[in-house]
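**Student:** dropping the sequence and predicted coords here.
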Amino acid sequence: MTPNEQALSVQRRAVAVDMHADTVQFVIDEGADISGSVATTHLDAPRMREGGLDAQFFSVWVEPEFYGLGGERVIARADAQVEAIRALAERRPDVWTFATTAADIRRAHEGGKLAALLGLEGGYAIDEKLERVEHYFRRGVRYMTPAWTHSLSWAGSSGDALGATRGLNDFGRAVVREMNRLGMLVDVSHVSDKTFWDMVETSTSPVIATHSNCRALADVPRNLTDDMIRAIAGTGGVVSAVFYPGFLEQDWRVKRDAVEAEIRPLIEEAERGASDKGGSLKRLAGDRVRTREFASRLAPVPFTRVADHIDHVVKLTSVEHVGCGSDFDGITATPAGLSSVAELPNLTAELLRRGYTEEDVSKILGGNVLRVMEETEKLTH
Ligand SMILES: [Zn+2]
């Protein structure tokens, strides 16, 4: 067997779970039917099968720029995304299973179905109402990160200056406790350092990072310090490596910022030309310009860099505390060799080449996340 054939067979036997993809934006704004082949996304059902990915957490994410950070429009937009993912399995039960538990994922894998799951990125979609945490839980949402790139009154973000001094307030702590009570996983991706530590201190269930890398290798605020990675492991949680080049390589990010400034007129022109349904089509049009220009102007980051970040988490903790959260369809560049979900076996081959056993690799691909889901399901009260 060649190394690639070996990787593919390991990939097929493993239950692979990815913690974060933004594909639902394409589903609801452009009508992409991801049960079949789609040219404009990083992920669809045929490529999940090709790459051996069994389960995807689809991110429910509302653009603050167009919908604000609270109120009816945010709620409606988040609810529409939840229903769009639930509808996948309703329309094509031959392809998808809507999953909310580890057992659901294992059953889907055994039955040859793809598991679709939900995570909420940006707690502003609860509109500062505690009961909306339970609303989302009942509709199937199984993780939530409080903040996206804007700090909220109750949680700080790594994406703005306010986040540096903003932790969880009393309401924010109540939200984390409510997530613990329900069995919704507590996600620290995107939160500020201060909020991170408040969440770790408050949560009585394992804490996860659904799509974050290591600051030791790429020093950006979205990534985790070594102390944070150890703290997540200390709760029994998992750090899921993100594939975005800007979080893999600091240098790529610096160069991207320069290109972003240069191509601003092109982005604005594309956004002006987009027919506007609430603004999200403008964002997609701008992102297409970014994708094209980043690909032609920036040297790609190799997919092996993802394995470097995985290695770092393993060295700091153990092979029990690392996973994958690609952020496919939420990123305007992908690593060379991981341009879509179909190329996931390249990463598997690299991990095997680095000496990880099949058992290790299956933990990294999904086993660790399944363990955290099972533990969290047991802790609900
Ligand atoms: Zn994100």
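**Tutor:** It's in.
**Student:** can you report how many residues lie near Val259?
**Tutor:** Using other Cβ atoms under 10 Å, the number of residues around Val259 comes to 15. For glycine as for every other residue, the C-beta is placed from the backbone atoms N, C-alpha and C.
**Student:** counting by contacts, list what the helix or strand of the chain with the lowest mean pLDDT packs against.
**Tutor:** Least confident helix or strand, the chain: helix 64-67 with a mean of 88, by mean pLDDT, DSSP states H and E. On a contact count with 3 or more Cβ pairs under 8 Å, 6 or more residues apart in numbering; DSSP states H and E, helix 64-67 meets helix 72-91, helix 280-297.
**Student:** so what touches that helix?
**Tutor:** 73-74, 77, 122, 124, 148-150, 278-280, 282-283 (Cβ atoms under 8 Å, 6 or more residues apart in numbering).
**Student:** ok, back up a step: nearest approach to His321 belongs to which of the helices and strands packed on helix 64-67?
**Tutor:** In terms of Cβ to Cβ, the element of the helices and strands packed on helix 64-67 nearest to His321 is helix 72-91, at 27.2 Å.
**Student:** what about the closest one, average pLDDT?
**Tutor:** Helix 72-91 shows a mean pLDDT of 96.
**Student:** tell me where the model's unsure across the stretch 151-300 of the chain.
**Tutor:** Within the stretch 151-300 of the chain, the set of residues satisfying pLDDT under 70 comprises 276-278.
**Student:** circling back: make a ChimeraX selection of the buried ones in the contacts of helix 64-67.
**Tutor:** ChimeraX command restricting the contacts of helix 64-67 to the buried ones, with burial defined by 16 or more other Cβ atoms under 10 Å:
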select :74,77,122,124,148,150,280,282,283
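**Student:** any chance of the contacts of helix 64-67 in TSV, plus distance to Glu131?
**Tutor:** Below are the contacts of helix 64-67 laid out as TSV (distance: Cβ to Cβ, whole Å):
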residue	distance to Glu131
Arg73	19
Val74	16
Arg77	19
Gly122	18
Tyr124	15
Trp148	21
Thr149	26
His150	23
Gly278	26
Gly279	28
Ser280	27
Lys282	33
Arg283	30
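**Student:** widest-spaced pair of the contacts of helix 64-67?
**Tutor:** Tyr124 and Lys282 (20.0 Å).
**Student:** in what helix or strand does Gly172 lie?
**Tutor:** According to DSSP states H and E, Gly172 maps onto helix 170-182.
**Student:** what helices or strands is that helix leaning on?
**Tutor:** Secondary-structure packing of helix 170-182 (3+ Cβ pairs under 8 Å, 6+ apart): helix 131-138, strand 185-187, helix 193-202.
**Student:** now the first one and helix 170-182, what's the angle there?
**Tutor:** This points to helix 131-138. Using axes from the mean of the first three to the mean of the last three Cα atoms, to 10 degrees, the direction of helix 131-138 lies 30 degrees away from that of helix 170-182.
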